[in-house]
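Turn this into a structure:
(chains A and B)
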Number of protein chains: 2
Amino acid sequence: MEISGGLAQQVIDPDAVSETDGDVYRGLSADAAAGVAIVSTRLRRHDYAATVTGYLSVSYDPPTMLVSLYGQSRIADAVADTGRWTLSLLGTGHRGIANWLASPGTPLHGLLAQVPFRRSPASGAVVIDGALAHFDLETTAVHEAATHLLFVGRVTAMGRGANGDAAADPLLHFASDYHRLGARV
Amino acid sequence: MEISGGLAQQVIDPDAVSETDGDVYRGLSADAAAGVAIVSTRLRRHDYAATVTGYLSVSYDPPTMLVSLYGQSRIADAVADTGRWTLSLLGTGHRGIANWLASPGTPLHGLLAQVPFRRSPASGAVVIDGALAHFDLETTAVHEAATHLLFVGRVTAMGRGANGDAAADPLLHFASDYHRLGARV
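From the prediction side, this is the model:
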């Protein structure tokens, strides 16, 4: 049902991506709503953890997920090194944790001093307490994509949070803000 | 702040992924909330379009996105063929369109007879009318991941929907159902 009438667009010149292009893209892509998660890994007795919205369930067969991490980040280095990572899907009660682990200047020591967590029995990695669900993954492929690395992984273990069924209340990110889920439509 | 106490897990044997593993994973991964979008492309005067939740903004520099499509699907074939795709981010008013374009048996002819759309001035691909935002992409890499193909693309053009600023009301998918966005937390 084609509608006539214009559609305003900003076209990007591939040979000269401007600062304005980047700013416009930031604004528009912020409208891609996403559930918020924590990615974690354990390397030489240190726990690494960071807030992510750039993750996906890719396949059911075998269970496969993906996380996109900024290539120059400590968490990307650690995940590249261990070849293992764990995702905890956050609920609305985790807003403070999401904020904390999203800050660029988080310390390596004491990172999780104020963050209630348990350890995955299978991997030993951090699982945020009360997560809606968590997944242990083993990296099967790493792909470069612009400034980021895409880690594709096979799920090796999975479960709900410790409370069993907090699952009605995911923490969402939309337009640079945290939200709860609204009514069914 | 490590908490003692158990965390129930299902461990997956990599050499024997069972049907139960797949079912448990389906249930848990459904808790990954996501905004809903339509991916479209135009090939030999036919329009292809399908509902997706498996997409990401990957990078700001240059603007880069990713979509994960089932490898055996018509839309994956079409996107692989054209090397171009367009994402329309849906609002709550698009629930019927999301349902329709998610059905496995959609026809090739008349696919969009009941779907109000405009064409991207830059690519000619379908942009769902009233989308929160839309992006034209040119594929820069394709990666196999289990049953799916990951298409990574560079943004070549972008804009809001025709109405300018419908952006407060994204359509969300969570636990196999459509929802609206709730209050800020």
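
going forward, measure contacts and count neighbours with C-alpha atoms only.
Noted.

Just list the residues touching the closest residue to A:V126 other than its chain neighbours, thanks.
With Cα to Cα, 6 or more residues apart in numbering or on different chains as the measure, A:R119 is the residue that lies nearest to A:V126, at 4.8 Å, once sequence neighbours are left out. Listed by Cα atoms under 8 Å, 6 or more residues apart in numbering or on different chains, the contact set of A:R119 reads A:125-127, B:2, B:7.

now A:H46
Taking Cα under 8 Å, 6+ apart, we find A:H46 in contact with A:L108.

hey, what's it bridged with?
Residues in a beta bridge with A:H46, per DSSP bridges, are A:L43.

that older thread, from the contacts of A:R119, pick the one nearest A:S29.
The shortest distance between A:S29 and any of the contacts of A:R119, using Cα to Cα, involves A:V127 and amounts to 28.5 Å.

What is the burial count for the closest one?
When neighbours are defined as other Cα atoms under 10 Å in any protein chain shown, A:V127 has 30 of them.

is any part of the longest helix belonging to chain A close to chain B?
Ranked by number of residues, the top helix in chain A under DSSP state H is helix A:19-29. Yes. Helix A:19-29 comes into contact with chain B when judged by Cα under 8 Å from any Cα of the partner chain, the residues involved being A:22, A:25-26, A:28-29.

Pull out the buried residues from those residues.
A:22, A:25-26, A:28-29 (16 or more other Cα atoms under 10 Å in any protein chain shown).

Dump those residues into JSON lines; add pLDDT as well.
Converted to JSON lines, these look like this (pLDDT from 0 to 100):
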{"residue": "A:G22", "pLDDT": "93"}
{"residue": "A:Y25", "pLDDT": "97"}
{"residue": "A:R26", "pLDDT": "96"}
{"residue": "A:L28", "pLDDT": "95"}
{"residue": "A:S29", "pLDDT": "96"}
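
Take the residues you listed and write them to TSV, including distance to B:R74.
Shown next, in TSV, are these (distance: Cα to Cα, whole Å):
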residue	distance to B:R74
A:G22	32
A:Y25	29
A:R26	31
A:L28	28
A:S29	26
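
In space, what's closest to the most centrally placed residue in chain A - neighbours in sequence excluded?
Most central residue of chain A, judged by C-alpha distance to the mean C-alpha position with Cα atoms, centre = their mean, is A:V52 at 2.4 Å. Distance criterion Cα to Cα, 6+ apart; nearest residue to A:V52, sequence neighbours excluded, is A:A37 at 5.3 Å.

Please name the residues that touch that neighbour.
Taking Cα under 8 Å, 6+ apart as the criterion, A:A37 is in contact with A:51-53, A:87-90, A:98.

and what of A:E138?
Counted by Cα under 8 Å, 6+ apart, A:E138 has contacts A:83-85, A:153-156.

Of the residues you listed, which are in range of chain B?
When Cα under 8 Å from any Cα is taken as the criterion, the members of those that contact chain B are A:155-156.

Which one of the contacts of A:E138 is nearest to chain B?
Closest approach to chain B among these (Cα to the nearest Cα): A:T156, at 5.0 Å.

Tell me the helices and strands packed up against the host helix or strand of the closest one.
Secondary-structure element containing A:T156, defined by DSSP states H and E: strand A:148-160. The elements that strand A:148-160 packs onto, with contact taken as 3 or more Cα pairs under 8 Å, 6 or more residues apart in numbering or on different chains; DSSP states H and E, are strand A:63-70, strand A:133-145, strand B:10-11, helix B:19-29.

Please work out which of those is packed deepest.
Of the helices and strands packed on strand A:148-160, the one with the most neighbours on average (mean count of other Cα atoms under 10 Å in any protein chain shown) is strand A:63-70, at a mean of 24.

Assess the claim that A:A8 and B:R160 are in contact.
Yes. Contact between A:A8 and B:R160 holds when scored by Cα atoms under 8 Å: they sit 7.1 Å apart.

Among those two, which residue is more densely surrounded?
Shown here are A:A8 and B:R160; by other Cα under 10 Å, B:R160 has more neighbours (26 against 16).

Across the sheet, point out what pairs with the nearest residue to the more buried one once chain neighbours are set aside.
Take B:R160 and drop its neighbours on the chain: the residue closest to it by Cα to Cα, 6+ apart is B:A133, 4.0 Å away. Counting by DSSP bridges, B:A133 forms beta bridges with B:L89, B:R160.

Correct me if wrong: B:A133 contacts B:S88.
Yes. B:A133 lies in contact with B:S88 (Cα under 8 Å); the separation is 6.0 Å.
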